[in-house]
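**Q** Let me see the structure of the following:
(4 chains)
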2 protein chains.
Amino acid sequence: MANPKTRQRDATKTRENIIIVAQRHFTAKGFDACGVREIAAEAGVDPALINRYFGSKTGLFEEAVINEITVEALLEGDKESFGKRIAGIMVNKDMSGQALDPTAVVANSIASPTVGAMLARMMEERLIPQIASWLGGRYPEQRAALIVSTLLGYEILGRLAKLGSLKHPNSEAVTEKFARSLQLYVDDK
Amino acid sequence: MANPKTRQRDATKTRENIIIVAQRHFTAKGFDACGVREIAAEAGVDPALINRYFGSKTGLFEEAVINEITVEALLEGDKESFGKRIAGIMVNKDMSGQALDPTAVVANSIASPTVGAMLARMMEERLIPQIASWLGGRYPEQRAALIVSTLLGYEILGRLAKLGSLKHPNSEAVTEKFARSLQLYVDDK
DNA sequence: CCTCTTTGTCAACAGCTGTTGACTTAGAAG
DNA sequence: CTTCTAAGTCAACAGCTGTTGACAAAGAGG
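**A** Have a look, this model is predicted:
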């Protein structure tokens, strides 16, 4: 039918809506700190619907986070300017955290007994290899891992800053050090 | 009495025992992933005793972790060799995680709604300033924060490696890069 | 209008969590 | 031996969690 009043019951739409809300919550607070009632409420839906559509809370996490995380955005650009570019992104990152953020998700959910291992597998099977093949050179996986490590550490620092009153390293000089630290792992010697 | 068969009921001893067990568990799994029954069982004690002695699980965390964490071990040595020294410690860190480990505790409990803010305050009120005053130079707090950030990132990487089969950066060349990355923040330009 | 499938809600259930107050026991003091 | 206090145990309680199966409503097709 030709859009009489926009469909009121659209399974695909509500599914996607739940996923979007879940991505934001899982990113901001981590898997264990999020309740299904909380996510369902913000999605304007009954909690039972999450289990109907995704099987379980873990299933929702897998579909909304594990299957959707990508590092391609990090690798768009030349290697020479990688450090400065990524450092700029991390420093000026929007603190409202509206979308699915790879580093934030991993940093906030890695300690979870339920999904920690899933994140570890995603990291070593997809993300690290992808970065490694982009890097090339010697020990690419290990250098890729240390790049990820550097970003995760900065993410936690951001969380510490948000919880307390710790200042972010917003000075030019220190940000440049951070950029050089990242570039260190890109350059093969 | 002169030690007839070693006292069987020693409040101070059991208290300290609970603290030691709690330190190991909180370090290895994080605050939220540890149950009081679990800690009490390993300490050979009834769970209720934790509340009797420390008021609450949070109180135990505060006394066993927050009040006991120190960074003095990191700052023993000259600045010139800081990077190499700390990198060596982190790379060769005992994976059994037997004791109270500052970086592991923060990395594994920072996402906790209960104690996350406590960790943030401890960081910005005690640890960062202490490292900063040891560093000296320009923007000492920010450089200190980035050193902590680097260590926290590496800690998470270690957790990813333990959960999965990700290789640690154990090659000489990559470890040296990690050391240089740390040294970057010690050297004031 | 009737029917059947999809979409969604509702109440309830187990399981686990930290926590509490009443009880018991060990061990020193009188 | 009796008493009294510190040390520890026990069962139970609320509160929360994810999850389930029975029910209700919407809307398309006959």
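
**Q** Can you name the residue of chain A nearest chain B?
**A** Per C-beta to the nearest C-beta, A:G153 is where chain A lies closest to chain B, at 2.5 Å. Heads up, the C-betas are built off the backbone N, CA and C, glycines and all.

**Q** I'd guessed that residue sits against B:S149; true?
**A** Yes: if you go by C-beta atoms under 8 Å, A:G153 and B:S149 touch, sitting 3.9 Å apart.

**Q** Just confirm A:R37 contacts A:D46, I think it does.
**A** No: in this structure A:R37 lies outside contact range of A:D46 using C-beta under 8 Å: 9.4 Å.

**Q** Report the set of residues contacting both of those two.
**A** Here A:R37 and A:D46 have no joint contacts, going by C-beta atoms under 8 Å, 6 or more residues apart in numbering or on different chains.

**Q** Quick check: buried residues in the longest helix seen in chain A?
**A** Using DSSP state H, we find that the single longest helix of chain A is helix A:140-163. If you call a residue buried by 16 or more other C-beta atoms under 10 Å in any protein chain shown, then helix A:140-163 has these buried ones: A:140-163.

**Q** Would you list the phi and psi of A:G77?
**A** A:G77 adopts backbone torsions of phi 150, psi 170, taken as degrees, to the nearest 10.

**Q** Near the closest residue to DNA strand D within chain A, how many other residues are there?
**A** In chain A, the residue that lies nearest DNA strand D is A:S56 (2.9 Å; C-beta to the nearest atom of the strand). When neighbours are counted by other C-beta atoms under 10 Å in any protein chain shown, A:S56 registers 12.

**Q** And the longest helix of chain A, what does it pack against?
**A** When contacts are defined as 3 or more C-beta pairs under 8 Å, 6 or more residues apart in numbering or on different chains; DSSP states H and E, helix A:140-163 sits against helix A:82-91, helix A:102-109, helix A:128-135, helix A:172-186, helix B:116-122, helix B:140-163, helix B:172-186.

**Q** and those helices as CSV, adding mean pLDDT and distance to B:E72?
**A** Converted to CSV, those look like this (pLDDT from 0 to 100; distance: least, C-beta to C-beta, whole Å):
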stretch, mean pLDDT, distance to B:E72
helix A:82-91, 94, 30
helix A:102-109, 97, 26
helix A:128-135, 97, 34
helix A:172-186, 94, 24
helix B:116-122, 97, 14
helix B:140-163, 94, 14
helix B:172-186, 94, 16
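
**Q** Out of those helices, which is closest to DNA strand C?
**A** Of all the helices and strands packed on helix A:140-163, helix B:116-122 comes closest under C-beta to the nearest atom of the strand, at 13.7 Å.

**Q** Show me what that closest one is packed up against.
**A** Using 3+ C-beta pairs under 8 Å, 6+ apart, helix B:116-122 sits against helix A:140-163, helix B:102-109.

**Q** Just the buried residues of it, please?
**A** So, applying 16+ other C-beta under 10 Å, buried residues of helix B:116-122: B:G116, B:M118, B:L119, B:A120, B:R121, B:M122.

**Q** and for it, what are the contacting residues?
**A** A:159-161, A:163-164, A:166, B:61-62, B:66, B:69, B:105-106, B:109-110.

**Q** ok, now with 6 Å
**A** With contact meaning C-beta atoms under 6 Å, 6 or more residues apart in numbering or on different chains, helix B:116-122 is reached by A:L160, A:L163, A:G164, B:I66, B:V106, B:I110.

**Q** That helix and DNA strand C in contact?
**A** No: using C-beta under 7 Å from any atom of the strand, helix B:116-122 stays clear of DNA strand C, with a minimum separation of 13.7 Å.

**Q** now that helix: how far from the chain's centre is it?
**A** 13 Å (C-alpha atoms, centre = their mean, to the nearest Å).

**Q** Name the nearest of the buried residues of helix B:116-122 relative to chain A.
**A** B:A120 (3.7 Å).

**Q** Quick check: chain neighbours aside, which residue is closest to A:P113?
**A** Of all residues not flanking A:P113 in the chain, B:A33 sits nearest, at 5.3 Å (C-beta to C-beta, 6 or more residues apart in numbering or on different chains).
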